[in-house]
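Colleague: Here you go, sequence then predicted model.
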Amino acid sequence: MAEALRVALAGLGTVGGGVVKLLDANRDLIARRAGRPIEVVAVSARDRTRDRGIDLSRFAWVDDSSSLATLDEVDVVVELVGGSDGPALTLARATLAAGRHLVTANKALLAHHGLELAETAERGSAALKFEAAVAGGIPVIKGLREGAAANEIGRVYGILNGTCNFILSKMEAEGRDFAEVLSEAQALGYAESDPTFDIDGIDAAHKLSILASLAFGSQPAFGAVAVHGIRHVLGADIAEAAALGHRVRLVGVAEAGPQGLFQRVHPHLVPLDHPLAHVTGSTNAVVAEGNFVGRLLFQGAGAGEGPTASAVVADLIDIARGEFGPAFAMPAGSLSAASVADSGERRGRAYLRFTVEDRVGVLAEIAAAMRDAGVSIESLIQRGVAADGRALVAIVTHEGPERSVAQALERLRGSSSIAGQPLWMPLLG
Ligand SMILES: NC(=O)c1ccc[n+]([C@@H]2O[C@H](COP(=O)([O-])OP(=O)(O)OC[C@H]3O[C@@H](n4cnc5c(N)ncnc54)[C@H](O)[C@@H]3O)[C@@H](O)[C@H]2O)c1
Ligand SMILES: N[C@@H](CCO)C(=O)O
Ligand code: NA
């Protein structure tokens, strides 16, 4: 058998520990499939003494992770530290600049620096691989980059954050509000080190920018994605959505349109006859629409030790086989700049929810604002009066431009009849 592929591993947390365990458990099978053994030779993490349930004495230990990039006996560096900058970026740059291959699960790093890293990788004929970065164990990077490579993609969208999907599913199943469910989601171990990245849609936006790059040949650019999280979704919104035959899901959508590429992460109302409505708990799912292949659905575990390690090691097997090309499906110099999302011209149906004072004229005021902005109302429900004397008004609009809905909301801003911020959610079409 050929010489081993020698791996240096930075980060021994959930994913890094999983990679060591997987390489141990499936050692022989991986060697047969890869045509050569894959061996970890050096590791780096913050705490050398922590018990991780794995024997680290067989690996060289390095305190400064960036020095893994230039260790003599290393072919590939696996970056599982996390963070868009700091030690992860330093290590990624140093590894690729040294002409070494890099595998990473770090979507934040790629969303912010993917273009630069892809250019450096190409200059050094090195691989830059990141299957674990989007939807964890689901082979969606391979699916788009290889499986669907012959297609023009019209739209790619999906549930890209397990933490949010877990929270929304729990709120739905148990009729509870966001704040009550949040701590349970954090205990799952899927949350980012800064959990606001999950809840505010940032993690999903990182992943969406990577998917968009693969699907549309755009430069990965976090700043081009419009981002809204699930913080303001109430249990009552989920109940109204259910009454309307929908479920609330945080969906990232990247779509080619007349104004260029549009990328947005936003809670959506998803109709019950759509597969994404049936994705529950921490599961992820991605849909890609190709002009020859049709609709593809990728679904599975988007996070966790085993599934994420499975994706990291799949990348190592590709490298061991010598199977890799440009990081983002075409040479970095051919990727086009991503246009910044402008939703104004988009058309669709929308859900709007207002918390209102229960008094004469409130509904008329809301209806007038809709009329004046040219928004056509499909249905309107006013629900109950709470102890504080407030009621909930939920509206679904007919299809129309998003700009008109934004104008209606603008007209209502500052109204003394409306408490707090109204919530707007598109219906997934
Ligand atoms: N946990 C998941 O389910 C999951 C899924 C997909 C992608 N990811 C991504 O994988 C990466 C790792 O995530 P995780 O959940 O394993 O994180 P984690 O916090 O469990 O582990 C991070 C590891 O990095 C080490 N570390 C921190 N600073 C370091 C430094 N300067 N040098 C060397 N090591 C350092 C820590 O000691 C720890 O071992 C992140 O980019 C994350 O977004 C995680
Ligand atoms: N925090 C992420 C981990 C996987 O990338 C999630 O909840 O989906
Ligand atoms: Na993946």
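Modeller: Perfect, I can see it now. Numbers count the residues shown, from 1 in each chain. Ligands and ions are numbered 1, 2, ... in the order given.
Colleague: how about the least confident helix or strand in the chain by mean pLDDT, does it reach ligand 2?
Modeller: Of all the helices and strands that make up the chain, helix 178-187 has the lowest average by mean pLDDT, DSSP states H and E, namely a mean of 85. No: counting by CB under 6 Å from any ligand atom, ligand 2 is not contacted by helix 178-187; separation bottoms out at 8.1 Å. For every residue, glycine as well, the C-beta is placed using N, CA and C.
Colleague: contacts for whatever helix or strand comes next after that helix?
Modeller: Where DSSP states H and E defines the elements, the next helix or strand beyond helix 178-187 is helix 196-199. Residues outside helix 196-199 that contact it (CB atoms under 8 Å, 6 or more residues apart in numbering): 108, 161, 163-164, 167, 182, 185, 190-192, 202-203, 229-231.
Colleague: just the buried members of those?
Modeller: 108, 161, 163-164, 167, 182, 185, 190-192, 202-203, 229-230 (16 or more other CB atoms under 10 Å).
Colleague: just for the stretch 201-350 of the chain, where's the confidence low?
Modeller: Applying pLDDT under 70 to the stretch 201-350 of the chain picks out residues 344.
Colleague: For it, which segments count as helices?
Modeller: Assigned by DSSP state H, counting those that start in this stretch, the helices in the stretch 201-350 of the chain fall at 202-216, 235-243, 305-321.
Colleague: Could you export the buried ones among the contacts of helix 196-199 as a markdown table, including distance to R52?
Modeller: Shown next, in a markdown table, are the buried ones among the contacts of helix 196-199 (distance: CB to CB, whole Å):
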| residue | distance to R52 |
| --- | --- |
| A108 | 23 |
| N161 | 26 |
| T163 | 23 |
| C164 | 28 |
| I167 | 28 |
| L182 | 27 |
| A185 | 24 |
| Y190 | 18 |
| A191 | 19 |
| E192 | 20 |
| I202 | 28 |
| D203 | 24 |
| G229 | 32 |
| I230 | 32 |
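Colleague: per-domain residue ranges of the chain.
Modeller: 5-138+309-334, 140-301, 347-426 (automatic domain parsing).
Colleague: Any chance of a markdown table for those domains, columns distance to V340?
Modeller: Formatted as a markdown table, the domains of the chain follow (distance: least, CB to CB, whole Å):
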| stretch | distance to V340 |
| --- | --- |
| domain 5-138+309-334 | 14 |
| domain 140-301 | 5 |
| domain 347-426 | 15 |
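Colleague: of all these, which lies closest to ligand 1?
Modeller: domain 5-138+309-334 (1.9 Å; CB to the nearest ligand atom).
Colleague: For the stretch 151-300 of the chain, which residues are neighbours of ligand 2?
Modeller: By CB under 6 Å from any ligand atom, the residues of the stretch 151-300 of the chain that approach ligand 2 are 161-163, 190-192, 198, 203.
Colleague: Cool, thanks, signing off.
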